[in-house]
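**Student:** no sequence on this one, just coordinates:
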């Protein structure tokens, strides 16, 4: 997302290819247009075919080159033809079951089948939605598929999807990618999420008392926790650790780990974690996490891994979104009912010793804003009280379902800000911010987002900060829609800004989202809702 930290401080004061399982070399002459292969069925209950793929203006002659998932419309594409057209080398690593490419400037990608990860120059990264497979029915016609949005980010290509014509265009002048191409992707251990049924009871007690030093890890065993046991294990040897005591262990100890678990009243394990002191230990996934820049790594009972930083982040944010029922949008008889989540914000003017209210005092009335039916399963409603005592004064927002809170705060002057992000792709974020009371802050924000008022803001002594606008469209005398220049191919950054200035003082409100192009329908609906409601936020 473009750098707007100065303003925010004021406010808050894949790529993939196809190959054959049996061996790429034997299948080089056999591709998605294999002789005699039948057309894909239009009655497939999961996938919809009939997607035209063009690479630098040239059609990829295969009905299997791409499809959309019927569940969410995600476009999946096989990119062997893309890689070859861009001068990349392609191969199938049969022993490791990896599809591999080498770019024209020597960068190396590897993609396992049906996984949510990929490798780039020996480093492992998280791939949202993961890879899939497609077959044309021929002996060698198996294709590894990946979301088209990842192609743009991984190959640094221009990827454009036209829904009415079902055409996917991919453009790139050469087959080279930069060393920083993977920086827009998270590491697997930095997107860890607990399962819905996980209470994190043990995690809260344990990881608040784990510290990493220069050469050792210190852990204080939780005291007073029922049905909890903590051990130190190395190989097959185990030592029970005493509650309340602090222990130190050398980081890098091979196959050494701290094992903690909690049982339920029946004696079954309800929660467990292993803290591996050497992430490359053969006992953990055959050592695949070695050489990844990790000092220690945590493994949960579901086999998922997390960094200590991510674990503490999730624990700190746990409970910041409360299930508050539902909210209705649209006209009577045709309303969309979205799940409603209440945001537990931090308040600058809360009453000492009294927990701020999270829920609205009364049920929220239906909102006369239409939610497209095809987006109902992707969106949720979010409520944030602007008054810690609760009441009707709050923000009712819509946003992607399943995203996590990064920050939420209401200042003593009434300024408010909230940021959410996709836990599986932290580059994707959306935020809202309001400045009703701080005059200097509001004037500076107005000068930033309304360049036509930049001179006015400067004359008031609170100049704005230039932003890399790609487009600005006035919606009325006080509201604009805008887009910013993206940080990487395949990203879009769009927002709405609202201002008031004059005799009654100045006020500002804004909302912005940075996400992959694949979320454009969601972004469009969110922008329309912001434009519909932003004047009521102040």
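**Tutor:** Alright, I've got the coordinates. On a predicted model such as this, the values are computed, not experimentally measured, just so you know. Numbers count the residues shown, from 1 in each chain.

**Student:** going forward, measure contacts between C-alpha atoms and count neighbours the same way
**Tutor:** Fine.

**Student:** which SSE is residue 398 in?
**Tutor:** strand 394-400 (DSSP states H and E).

**Student:** and the next helix or strand after that strand, what does it pack against?
**Tutor:** Counting by DSSP H and E, the element after strand 394-400 in chain order, helix or strand, is strand 404-410. Helices and strands touching strand 404-410, by 3 or more CA pairs under 8 Å, 6 or more residues apart in numbering; DSSP states H and E, are strand 346-347, strand 416-422.

**Student:** paired strands for strand 404-410, with orientation please.
**Tutor:** Using DSSP bridges, strand 404-410 pairs in its sheet with strand 346-347 (parallel), strand 416-422 (antiparallel).

**Student:** to residue 102, which of the helices and strands packed on strand 404-410 lies closest?
**Tutor:** Closest approach to residue 102 among the helices and strands packed on strand 404-410 (CA to CA): strand 416-422, 29.8 Å.

**Student:** past that closest one, which element shows up next along the chain?
**Tutor:** Criterion used, DSSP H and E; the element after strand 416-422 is strand 425-435.

**Student:** so what strands line up beside that next one?
**Tutor:** strand 416-422 (antiparallel), strand 507-516 (antiparallel).

**Student:** would residue 260 count as being in a strand?
**Tutor:** Yes. Under DSSP: H, G, I helix; E, B strand; the rest coil, residue 260 falls within a strand.

**Student:** what strand or helix carries the residue lying closest to it once chain neighbours are set aside?
**Tutor:** Nearest-residue entry for residue 260: residue 230, 4.2 Å, with adjacent residues in sequence omitted and distances by CA to CA, 6 or more residues apart in numbering. If you go by DSSP H and E, residue 230 is part of strand 228-234.

**Student:** so where is this structure shaky, pLDDT-wise?
**Tutor:** 1-43, 137-141, 332-333, 351, 353, 391 (pLDDT under 70).

**Student:** what's the distance between residue 223 and residue 318?
**Tutor:** 22 Å (CA to CA, to the nearest Å).

**Student:** who has more neighbours, those two?
**Tutor:** Neighbour tally, residue 223 and residue 318, criterion other CA atoms under 10 Å: the higher count belongs to residue 318, 16 against 13.

**Student:** returning to that earlier point: pipe the strands paired with strand 425-435 into CSV and attach distance to residue 346 and mean neighbour count per row.
**Tutor:** Listed next are the strands paired with strand 425-435 as CSV, based on distance: least, CA to CA, whole Å; neighbours: other CA atoms under 10 Å:
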stretch, distance to residue 346, mean neighbour count
strand 416-422, 10, 22
strand 507-516, 19, 25
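
**Student:** okay, the ones you listed in TSV with distance to residue 263 next?
**Tutor:** Listed next are the strands paired with strand 425-435 as TSV, based on distance: least, CA to CA, whole Å:
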stretch	distance to residue 263
strand 416-422	31
strand 507-516	40
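
**Student:** do you know which of these lies nearest residue 189?
**Tutor:** Among those, if distance is taken as CA to CA, the winner is strand 416-422, at 14.6 Å.

**Student:** just checking: what are the partner strands of the helix or strand harbouring residue 217?
**Tutor:** Using DSSP H and E, residue 217 maps to strand 216-220. Applying DSSP bridges, strand 216-220 is found paired with strand 210-212 (antiparallel), strand 246-250 (antiparallel).

**Student:** show me what counts as buried in the shortest one.
**Tutor:** This points to strand 210-212. By neighbour count with 16 or more other CA atoms under 10 Å, strand 210-212 contains the buried residues 210, 212.

**Student:** same thing with stretch 269-285?
**Tutor:** 270-281, 284.

**Student:** can you check stretch 96-108 too?
**Tutor:** 97-104, 107-108.

**Student:** in helices, which of those appear?
**Tutor:** Judged by DSSP state H, helices contain none of those.

**Student:** pull the most distant pair out of those.
**Tutor:** Top of the distance list for these (CA to CA): 97 and 104, 22.8 Å.

**Student:** would you map out the domains in this structure?
**Tutor:** What automatic domain parsing lists as the domains of the chain is 14-181, 201-316, 318-537.

**Student:** of all the ones you listed, which one is nearest residue 187?
**Tutor:** Closest of the domains of the chain to residue 187 is domain 14-181, at 4.5 Å (criterion: CA to CA).

**Student:** and the strands in the stretch 251-400 of the chain?
**Tutor:** 256-263, 269-276, 297-300, 305-306, 321-329, 336-343, 346-347, 379-385, 394-400 (DSSP state E, counting those that start in this stretch).

**Student:** tell me which element the closest residue to residue 535 other than its chain neighbours falls in.
**Tutor:** If the residues on either side of it in the chain are set aside, residue 535 comes closest to residue 498, at 6.9 Å by CA to CA, 6+ apart. Using DSSP H and E, residue 498 sits within strand 491-500.

**Student:** check contacts around residue 380.
**Tutor:** The contact partners of residue 380, by CA atoms under 8 Å, 6 or more residues apart in numbering, come to 338-341, 398-401.

**Student:** list buried residues within the residues you listed.
**Tutor:** Buried by 16+ other CA under 10 Å: 338-341, 398-401, out of the contacts of residue 380.

**Student:** is it possible to get a markdown table of those residues that adds distance to residue 470?
**Tutor:** Output for the buried ones among the contacts of residue 380, formatted as a markdown table (distance: CA to CA, whole Å):
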| residue | distance to residue 470 |
| --- | --- |
| 338 | 32 |
| 339 | 34 |
| 340 | 33 |
| 341 | 33 |
| 398 | 25 |
| 399 | 23 |
| 400 | 24 |
| 401 | 28 |
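
**Student:** of those residues, which is the nearest to residue 358?
**Tutor:** residue 341 (9.6 Å).

**Student:** what number of residues lie near residue 265?
**Tutor:** 10.

**Student:** now it: how far from residue 196?
**Tutor:** 20 Å.

**Student:** returning to that earlier point: list the strands paired with the strand holding residue 230, with their directions.
**Tutor:** Strand pairing (DSSP bridges) places strand 228-234 next to strand 237-240 (antiparallel), strand 256-263 (antiparallel).

**Student:** of the ones you listed, which stretch is the most buried?
**Tutor:** Highest mean neighbour count among the strands paired with strand 228-234 (mean count of other CA atoms under 10 Å): strand 256-263, with a mean of 22.

**Student:** touching, residue 97 and residue 113? I think so.
**Tutor:** Yes. The pair residue 97 and residue 113 passes the contact test of CA atoms under 8 Å, sitting 7.4 Å apart.

**Student:** can you map out the helices along the stretch 101-250 of the chain?
**Tutor:** Applying DSSP state H, counting those that start in this stretch to the stretch 101-250 of the chain gives helices spanning 148-155, 201-207.

**Student:** thanks again, I'm all set now.
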